[in-house]
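In: Any chance you could fold what I've pasted below:
(2 chains)
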Amino acid sequence: MALSEQIAQFLATGITEGCVYALVALGFTIIFNATGIVNFAQGEFVMVGALLAATLGNAGLPLGLVIVIGTLGGVAVAVLLERLAIRPLRNAPILVLIFVTIAGSLMLRGIANLIWGPNAIPMQSFSGDEPFRVLGAAVVPQALWIIGMSMATVIALVVFFRSTLIGKAMRAAASNRMAARLAGINISTMAMIGFGLSGGISGLAGVIFAPSKFAQYSMGTPLAIKGFCGAILGGMGSSIGAVIGGIILGILENLAAGLISSQYKDAITLIVMVLVLFVRPTGLLGKDDLKRGL
Amino acid sequence: MMRASREGSPIWAYVALAVVAGVLPLVVDSAYYLSVLILVGIYGLMAVGLSLLMGYAGQVSLGHAAFYGLGAYATAIGTVRYGLNPWLCILLGMLVTAAVAYVIGRPTLRLHGHYLAMATLGIGIIVQIFFREGGKFTGGFSGIAGIPRLHIGSLVFNTDMKFCYVVWPVVILGLIVASNIVSSRIGRALRAIHDSEVAARACGVDVSGLKLSVFVLSAVFASVSGSLYAHNITFISPDPFGFAFSIMLVVMVIVGGSGSVWGALSGAAILTVLNQALMRLGEVVPALSGLDVVFFGGILIVTVVFMPEGLAGRIRRWRTGRDVEEAAEEAV
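Out: Predicted structure coming up:
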């Protein structure tokens, strides 16, 4: 295979995986903007979506229903976490909130292990596995599903945040919580909607990702870490940054894995994140306000 | 959360612990319980170090398993690959870990809150990936086997009972070091950092220098734990040194009470024993083999919500509360 074809292949795979990372990063960003919390249980929302999809898909349910239920599963888990654990502690210091989301992540993972068992569950692709060629790269139909659904989600979100009243209220709450409250916005409701939205996006990411990898109770953490890295790279708090950061990471990771060393694929993501944190903690598009994380 | 205790511990506390740790291995004749006792010591030492960083300096680390791993790998590589003396390797491990922690800590500790948590998380996983992908040097996935046992002259610490007498003196030494730091001028400066970095800096506290020193110190504690672990199990692989263990360690410190070195030790003891019990349960009832993770999540939430100072803080409050009542009675 010529080098250009190889690179085309790495790009194609990178963009596909990058779209999933982008969705997870977007999930982080929405919760971060709505509540000021970095949610360490984000990966578990993806895991719930993937496991539901794999179970229902293998049981023969129609695809549309599988996608909807997987997404709603993410919403339900996220809203539950917010109501049961985050809301009672909303005035607690940041360290406490970090530990609470970590605890949530542990519990969700454990419960999934009890329900679905420890083994990976395979899932059929949405529309076959016959690859077709784009500029020399072999692309499977599932990749188109992933890219298409991700783009549709991003566009829907942009419309939601720009044009709907709730979307505007959420943006107001993100930019200045006190002022938003004074303007009559219910911050607590915004937090719940934020968690629900974020859980839905992550659940969907799990549904579309399950066929190309697998669904397993432990799949959340690695994906959450990629999502973290994407969100940090793009700039914590910036939705567009999260999408761009996620896609860049996917591409970078696959190029580096293909051209340098596949063994260090996961390390590359993390090294990028750590370097960004050291050199430019606001990321590519983040607001120049480090105290937001405090 | 995490109000730190101020005064150093009385001598009788160490003596009591030494007596218990000295007698227990003699009376317990089950190999299994002895192995749990060793684990409590190894994890406890690490938790004490981490409590200095979390409870006193108020910094979080989600990557401390990396330093534990560095200690384990340093001693394994030194003894197996180069045939060095095991005790020397433990010292080398401490030096290597201190150096790595210093290099990592300098840029990392400038970050706050979430950013600090994520950076330490990321670095912890990167280090584990290097253990895994280090080829012949680290033994890759399969790790390093045949790590020699510790020995003094002809006395080889080759049973769990004997090894207890290596681990627990080190734990008590670690407790003494940690308590002395806590009750010294440095300890007061650390608590000032915990309460407000700006205020501490305004009072002339070298905030970044102190944070870095405590970070390095807690890493060295973890390194010693890792070395002891390696000499106890005589085999290491990259698996135990990952994110999951870093989290477990944080849970131990929080449950015990991160503002107290004794609390951290108790937290390690409680969680280690629970973990072993749940693993046993999982062996008997396979359907429940995932229960331990749910349990730890649950314990963490309950602790953070209902007793944010951890067990130690709860006990201290109960004791001081009673003291006040007694004092009031005497006054009458």
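In: okay, CA-based contacts and neighbour counts for the rest of this
Out: Will do.
In: now the strands: where do they sit in the chain?
Out: Picked chain A for this. Counting by DSSP state E, the segments of chain A that form strands are A:132-134, A:137-139.
In: Chain B was what I was after
Out: Under DSSP E, chain B gives strands at B:144-145, B:151-152, B:155-156, B:235-236.
In: Go through these and name the closest to residue A:150.
Out: Residue A:150 lies closest to strand B:235-236 among the strands of chain B, at 41.9 Å (CA to CA).
In: what packs against that closest one?
Out: Secondary structure elements in contact with strand B:235-236, counted by 3 or more CA pairs under 8 Å, 6 or more residues apart in numbering or on different chains; DSSP states H and E, are helix B:65-76, strand B:144-145.
In: In terms of mean pLDDT, which of these ranks lowest?
Out: The stretch with the lowest average pLDDT out of the helices and strands packed on strand B:235-236 is strand B:144-145, scoring a mean of 90.
In: Contacts made by that strand with the rest, please.
Out: Where contact means CA atoms under 8 Å, 6 or more residues apart in numbering or on different chains, the residues beyond strand B:144-145 that reach it are B:76-77, B:80, B:138, B:234-237.
In: can you pull the contacts of residue 230?
Out: Just so you know, I chose chain A. Counting by CA under 8 Å, 6+ apart, residue A:230 touches A:21-22, A:25, A:242-249, A:273.
In: should've been chain B
Out: Residue B:230 is in contact with B:72-73, B:75-76, B:147, B:236, counting by CA under 8 Å, 6+ apart.
In: What's the local residue count around the nearest residue to residue A:140 once chain neighbours are set aside?
Out: The spatial neighbour of residue A:140 that comes closest, neighbours along the chain excluded (CA to CA, 6 or more residues apart in numbering or on different chains), is residue A:131 at 4.2 Å. Residue A:131 has 13 neighbours, counted by other CA atoms under 10 Å in any protein chain shown.
In: which ones are touching residue A:131?
Out: Residue A:131 sits in contact with A:138-141, where contact means CA under 8 Å, 6+ apart.
In: so how far is residue A:123 from it?
Out: Distance check for residue A:131 against residue A:123: by CA to CA, to the nearest Å, it reads 17 Å.
In: Tell me where the model's unsure across the chain.
Out: All of this is about chain A. Within chain A, the stretches with pLDDT under 70 are A:1, A:287-294.
In: wrong chain, I was asking about chain B
Out: Within chain B, the ranges that satisfy pLDDT under 70 run B:1-8, B:319-332.
In: what's the longest helix in it?
Out: If you go by DSSP state H, chain B has its longest helix at helix B:207-233.
In: Could you count how many residues lie near residue 56?
Out: Defaulting to chain A. Other residues lying near residue A:56 total 19 when counted by other CA under 10 Å.
In: Can you look at chain B instead?
Out: As a burial measure, the neighbour count of residue B:56 was computed by other CA under 10 Å and equals 30.
In: My guess is residue A:210 contacts residue A:46. True?
Out: No - between residue A:210 and residue A:46 there is no contact under CA atoms under 8 Å: 9.5 Å.
In: out of those two, which sits in the busier spot?
Out: More crowded of residue A:210 and residue A:46, by other CA under 10 Å: residue A:46, with 36 against 27.
In: Quick one: residues contacting the more buried one.
Out: A:24, A:74, A:199, A:202-207, A:220.
In: Highest neighbour count among those residues?
Out: The most crowded member of the contacts of residue A:46, judged by other CA under 10 Å, is residue A:203 (39 neighbours).
In: Nearest to residue B:143, out of the strands of chain A?
Out: Where the strands of chain A are weighed against each other on CA to CA, the nearest is strand A:137-139, at 36.8 Å.
In: Which strands border that closest one, and is each parallel or antiparallel?
Out: strand A:132-134 (antiparallel) (DSSP bridges).
In: Any buried residues in the strand it pairs with, and which?
Out: Within strand A:132-134, no residue qualifies as buried by neighbour count (16 or more other CA atoms under 10 Å in any protein chain shown).
In: Contacts for it, please.
Out: Defining contact as CA under 8 Å, 6+ apart, one finds that strand A:132-134 is touched by A:138-141.
In: cool, and stretch B:20-33?
Out: Taking CA under 8 Å, 6+ apart as the criterion, the residues outside stretch B:20-33 that touch it are B:34, B:160-161, B:164-165, B:168.
In: Of these, just the buried ones, PyMOL syntax please.
Out: Only the buried entries of the contacts of stretch B:20-33 go into this PyMOL selection, using 16+ other CA under 10 Å:
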select buried, chain B and resi 34+160+161+164+168
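In: Look up phi and psi at the residue nearest to residue A:140.
Out: Note on residue A:131: backbone dihedrals following degrees, to the nearest 10 are phi -70, psi 150.
In: how far away is it from residue A:141?
Out: Taking CA to CA as the measure, residue A:131 falls 7 Å from residue A:141.
In: Please apply the same query to residue B:85.
Out: For residue B:85, the distance to residue A:141 under the criterion CA to CA works out to 59 Å.
In: what does residue B:139 give?
Out: The value you get for residue B:139 to residue A:141, if CA to CA is used, is 39 Å.
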